[in-house]
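Undergrad: give me the fold of what follows.
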Amino acid sequence: MEINRSALLPNLLTIGNGICGFAALVKLGKIEVVGGQFGKEFVHAENFTIASYLILLGMVFDVFDGKLARMSKSNDSKLGAQLDSLCDLITFGLVPAYMILRLSLREPVTWQNIAWFFALAYFLGALLRLARFNVENAPDESAHLAFKGLPTPAAAGCVASVVIFLRYVVKFDAPELQLVGDYLKLESATLADVLSTMDRSLTVGLVFLAPLLGFTMVADRLKFDHMGSKLFGRRQSFNFLVYLIFGVLLLATVPEVVLPVTFLGYLLWTPLHTLYRSFFPARQVPATDESA
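TA: Sure thing, here's the model as predicted:
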């Protein structure tokens, strides 16, 4: 089998995505739990954050390999399509599911079993979604303007961004969080209780989010916009440039907050918009002679 020169660089970027997934799995495997039944704590908990950012880095590789493949007219390569799906399954399917399982290690065995089934639902959703995408994938640019179901990178981004926010809040060592604590005049004991409650609540919420993401990935009726093509595949106004600049500045300032808001907003927008249009269909204004 020969590989076209134009497909070499996109395939290398795709492999970079797979490497990010492999590195994230290694980091998650190093996390351990110590302590008794009522005082379990993570060892090397910072690996949750590192693995989450590796998922986001894999998203960057995934965006540019597809765009570069279409620009070089090598997006009809069968090897590239299969390689892309295999790497996506690792980075955006297996790693987030495994991350949810690792986060549940402090909980009782019964809850760990629930987390296992819910994480499996997420993984199966990603598996089925990528298999369907391979069968239905079309090489032309117009086929990449919208997705049937939530794309796997966006689903993985929801999990990774929530974990980043979770570890950011639990550590409570960022200057902006210290200012919040000082402003609210929280005592040390009260602050510790608040952080512990938030830690467990977000962990439980992430477990319940997993099957929702798994189902949304294979929901045919939900059409999610391809944000890369929508934002950068057409001409934009001056206001778009302003919003983009200030959005990037905000992301650079507090990425731990902006990332979950962005990914969860993308997840919720399409279902809520679909429900709104179902209950309140657009009114059609009857045409008159003048308007005709």
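Undergrad: what helices or strands is whichever strand or helix holds L25 leaning on?
TA: According to DSSP states H and E, L25 maps onto helix 8-29. With contacts taken as 3 or more C-beta pairs under 8 Å, 6 or more residues apart in numbering; DSSP states H and E, helix 8-29 sits against helix 46-71, helix 78-88, helix 95-103. For every residue, glycine as well, the C-beta is placed using N, CA and C.
Undergrad: pick the most buried one from those.
TA: Scoring these by mean neighbour count under mean count of other C-beta atoms under 10 Å gives helix 95-103 as the most buried, with a mean of 24.
Undergrad: tell me which helix or strand comes right after the helix holding L25.
TA: strand 32-34.
Undergrad: pull the longest helix from the chain.
TA: helix 188-217 (DSSP state H).
Undergrad: now do that helix against helix 95-103, angle only.
TA: 150 degrees (axes from the mean of the first three to the mean of the last three C-alpha atoms, to 10 degrees).
Undergrad: how about the next helix-or-strand element following helix 188-217: buried residues?
TA: Heading C-terminal from helix 188-217, the first helix or strand you meet, by DSSP H and E, is strand 223-225. When neighbours are counted by 16 or more other C-beta atoms under 10 Å, the buried residues of strand 223-225 are found to be F224.
Undergrad: helices and strands around strand 223-225, which ones?
TA: Secondary elements touching strand 223-225 (3+ C-beta pairs under 8 Å, 6+ apart): strand 146-148, helix 255-279.
Undergrad: quick check: angle from the last one to helix 46-71?
TA: Inter-element angle recorded for helix 255-279 and helix 46-71: 60 degrees (by the same axes, to 10 degrees).
Undergrad: pLDDT (mean, whole number) over helix 255-279?
TA: Here helix 255-279 scores 87 as its mean pLDDT.
Undergrad: and it, what does it pack onto?
TA: Looks like helix 255-279 contacts helix 152-171, helix 188-217, strand 223-225, helix 238-253 (3+ C-beta pairs under 8 Å, 6+ apart).
Undergrad: columns distance to L105 on top of the ones you listed, output as JSON lines?
TA: Listed next are the helices and strands packed on helix 255-279 as JSON lines, based on distance: least, C-beta to C-beta, whole Å:
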{"stretch": "helix 152-171", "distance to L105": "14"}
{"stretch": "helix 188-217", "distance to L105": "10"}
{"stretch": "strand 223-225", "distance to L105": "32"}
{"stretch": "helix 238-253", "distance to L105": "31"}
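Undergrad: what's around P281, how many residues?
TA: Neighbour count for P281, taken as other C-beta atoms under 10 Å: 8.
Undergrad: brain fart, D193
TA: So D193, with other C-beta under 10 Å, has 12 neighbours.
Undergrad: tell me who's in contact with it.
TA: D193 makes no contacts at all, as judged by C-beta atoms under 8 Å, 6 or more residues apart in numbering.
Undergrad: quick one: it and R200, what's the gap?
TA: Note on D193: its distance to R200, by C-beta to C-beta, to the nearest Å, is 11 Å.
Undergrad: let's have the helices and strands packed on strand 223-225 in CSV, adding distance to D220 and mean neighbour count.
TA: Output for these, formatted as CSV (distance: least, C-beta to C-beta, whole Å; neighbours: other C-beta atoms under 10 Å):
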stretch, distance to D220, mean neighbour count
strand 146-148, 5, 17
helix 255-279, 12, 15
